[in-house]
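Colleague: What follows is a predicted structure for the sequence shown.
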Amino acid sequence: MDIVLCALLFFSSIVFCLSKGYSLAWALAVALLALWCAGLHRKFSVKSLWTMSKVNVPKSMIVVRILCLIGLLTGLWRSCGTIAFFIEYGIRIISPRWFLMLSFLLAAVVSYAIGTSFGVASTIGVVLMALARAGGVNEAITAGVIMSGIYFGDRGAPTSSCASLVAALTETELYSNVKKMMKTVALPMLLTLGIYFVLSQKNPIQTVDEVLLALLEEHFGSSVWLVLPAIIMLALPLFKVTIRRAMAVSILAAFILTVTVQGTALWDAVRIAFLGYHPENIAVNSVMSGGGFVSMFPTMMMNILAAACTGLLEGMGLLKNVQGKLSALRGKIGLLPTTCLSGTVMIMVVCNQTIALMMSHQVLGSIYAKEGREHEEFAMDMANSVVTIAGLVPWSIACSVPLSMLGVGVEALPYASLLYLIPTCYLFTKRFFYPVKSEASLS
């Protein structure tokens with residue numbers, strides 16, 4: 001009963017935070033406090049609850065370190081003129097009625113090349129959002145389009161840590177999985193392109209503010225050196241440089257350009273890296289303001305709090321009975337719907353894509369094995385459900401982090417078409433990829 005109360009408090013807190021525009025870190029803090037109270041009610045000692053709370057935190061620090069780099073990068077890309085350069089030339093080059101379509105394709109291609117949703121959202125995504133704001137395009141639609149693009153690669157790129165995790169958990173070959181992922185994403189991709197074609201026609205770049213473009217050029221200049229941080233960020237991962245190192249080098253380049261090309265004082269450049277870029281000119285500020293280490297702080301806290309909540313759930317043994325219930329559910333609604341539903345619930349509870357994948361493998365692996373299902377089928381089922389659904393749960397790290405980088409809220413999610421269409425289409429087309437075997441094994 002105490003756990004039901006914890007769940008009610010958590011989801012009530014989520015609704016309150018979403019309605020008031022507060023960070024979902026507050027909802028996770030409420031959940032953590034409620035779980036501590038439930039643990040004390042169940043006679044766990046304070047020492048054991050503290051140990052449970054911190055057991056998964058070191059794992060979360062991997063993501064936290066990336067978020068730190070993303071915050072520094074987004075602030076310095078603004079101050080050094082990289083984003084202004086892309087705004088100035090992007091608005092002049094891109095056809096107004098193809099903006100959203102091209103935004104999706106660009107985000108998808110880059111995410112496939114470097115294999116990280118966060119990396120693309122914090123670089124190409126920020127640039128595209130700046131273009132949308134400067135051109136009067138609906139920000140929620142643009143952000144939803146970008147969300148679809150960044151998860152195209154996060155789900156199925158050879159360079160993606162998520163795809164590598166799925167392969168490792170299911171003991172399958174990564175590149176074989178990637179080929180199958182391309183086949184299963186073909187239909188949702190076509191439908192998504194159709195949707196974004198219509199949205200592009202109905203939501204073109206409305207105005208080209210020549211005064212703003214001239215102001216950006218005057219403020220930042222038009223040196224070709226301004227694109228160097230972007231080139232570094234996109235090129236280094238292609239040469240097997242880790243995303244963190246690529247970010248670090250890009251940050252250093254942006255910092256040097258901020259000081260040298262833009263003439264910013266050394267201390268002011270450091271301040272921008274941590275507090276964000278906030279130019280005094282009102283017009284420039286409306287398009288360029290943001291970024292910095294502090295902009296990522298609420299998301300970092302969400303990641304740490306989610307890890308602490310997960311540790312308590314595992315330590316108190318609240319997940320032990322899940323497997324038997326899922327086996328019973330599989331008999332009622334089928335295997336893939338059970339995988340989708342259980343994955344959704346796990347993401348909603350643990351708020352972390354990686355942990356949800358690991359838990360899905362843990363509780364569903366024996367069910368797939370009992371039915372004689374291929375490991376490749378299990379890999380595809382998780383890739384086409386848990387991975388993409390994570391990007392649709394507002395308080396999950398996979399959703400909240402990119403939206404925070406893009407500067408929008410949950411109003412963008414209805415437009416993240418690919419994230420809906422991948423699991424939906426797979427539910428109806430899986431039989432063509434993995435024909436259902438005799439049900440005799442279920443009796």
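Modeller: Ah, there it is.

Colleague: Show me what secondary structure element comes after the longest helix along the chain.
Modeller: For the chain, the helix with the greatest residue count under DSSP state H is helix 174-202. As assigned by DSSP states H and E, the chain's next helix or strand after helix 174-202 is helix 210-220.

Colleague: how near is Ala398 to Thr354?
Modeller: Ala398 sits 9 Å away from Thr354, going by Cβ to Cβ, to the nearest Å. For every residue, glycine as well, the C-beta is placed using N, CA and C.

Colleague: hmm, I was thinking of Leu72
Modeller: Leu72 is 23 Å from Thr354, by Cβ to Cβ.

Colleague: quick one, which of those two is more surrounded?
Modeller: Leu72 (25 against 18; other Cβ atoms under 10 Å).

Colleague: tell me which element the more buried one falls in.
Modeller: Judged by DSSP H and E, Leu72 forms part of helix 57-80.

Colleague: Just want the angle from that helix to helix 210-220.
Modeller: Angle of helix 57-80 versus helix 210-220, following axes from the mean of the first three to the mean of the last three Cα atoms, to 10 degrees, is 100 degrees.

Colleague: Just the buried positions in helix 57-80, please.
Modeller: Within helix 57-80, the residues scored as buried using 16 or more other Cβ atoms under 10 Å are 57, 60, 63-64, 66-80.

Colleague: for stretch 337-357, same thing?
Modeller: 338-340, 342-344, 346-357.

Colleague: Which is the succeeding secondary structure element to the helix or strand bottoming out on mean pLDDT in the chain?
Modeller: Using mean pLDDT, DSSP states H and E, helix 322-333 stands out as the lowest-scoring helix or strand of the chain, at a mean of 72. Heading C-terminal from helix 322-333, the first helix or strand you meet, by DSSP H and E, is helix 335-350.

Colleague: and that following helix, what other elements does it pack with?
Modeller: For helix 335-350, the packing partners by 3 or more Cβ pairs under 8 Å, 6 or more residues apart in numbering; DSSP states H and E come out as helix 297-315, helix 322-333, helix 353-370, helix 375-383, helix 386-389, helix 417-433.

Colleague: out of those, which comes closest to Ser223?
Modeller: Closest to Ser223 of those is helix 297-315 (Cβ to Cβ; 32.2 Å).

Colleague: neighbouring contacts of the closest one?
Modeller: Contact with helix 297-315 is made by 23-25, 28-29, 31-32, 35-36, 39, 48-49, 51-57, 59-61, 63-64, 67-68, 71, 319, 349-352, 355, 395, 397, 400-401, 404, as judged by Cβ atoms under 8 Å, 6 or more residues apart in numbering.

Colleague: try 7 Å this time
Modeller: 23-25, 28-29, 31-32, 35, 39, 49, 52-57, 59-60, 63-64, 67, 319, 349-352, 355, 397, 400-401, 404 (Cβ atoms under 7 Å, 6 or more residues apart in numbering).

Colleague: Identify the residue nearest the residue sitting nearest the centre point of the chain in space, chain neighbours excluded?
Modeller: The centre of the chain sits closest to Ala398, judged by Cα atoms, centre = their mean, with a distance of 3.5 Å. The shortest distance from Ala398 to any non-neighbouring residue, by Cβ to Cβ, 6 or more residues apart in numbering, is to Ala390 (3.9 Å).

Colleague: Go ahead and confirm the one you found touches Ser396.
Modeller: Yes. Using Cβ atoms under 7 Å, Ala390 is in contact with Ser396, at 5.3 Å.

Colleague: Overlap in contacts, the two.
Modeller: Ile347, Gln353.

Colleague: Out of the two, name the residue with the larger neighbour count.
Modeller: Set Ala390 next to Ser396 and count neighbours by other Cβ under 10 Å: Ala390 wins out with 29 against 23.

Colleague: can you tell me how far that one sits from Val259?
Modeller: Distance from Ala390 to Val259, by Cβ to Cβ: 39 Å.

Colleague: what's the span of stretch 314-331, first residue to last?
Modeller: By Cα to Cα, to the nearest Å, the extent of stretch 314-331 from end to end equals 26 Å.

Colleague: Which phi and psi values does Tyr277 adopt?
Modeller: Main-chain torsions, Tyr277, degrees, to the nearest 10: phi -100, psi 120.

Colleague: burial count for it?
Modeller: The burial count for Tyr277: 25, using other Cβ under 10 Å.

Colleague: Start from the N-terminal end of the stretch 1-150 of the chain and give the helices.
Modeller: Along the stretch 1-150 of the chain, counting by DSSP state H, counting those that start in this stretch, helices occupy 2-20, 25-41, 46-55, 57-80, 82-93, 99-114, 117-120, 126-135, 139-156.

Colleague: Low-confidence regions, the stretch 301-443 of the chain specifically.
Modeller: 319-324, 327, 435-443 (pLDDT under 70).

Colleague: related to what we said a few turns ago, which strand or helix spans the residue nearest to the centre of the chain?
Modeller: Per DSSP H and E: helix 397-406 holds Ala398.
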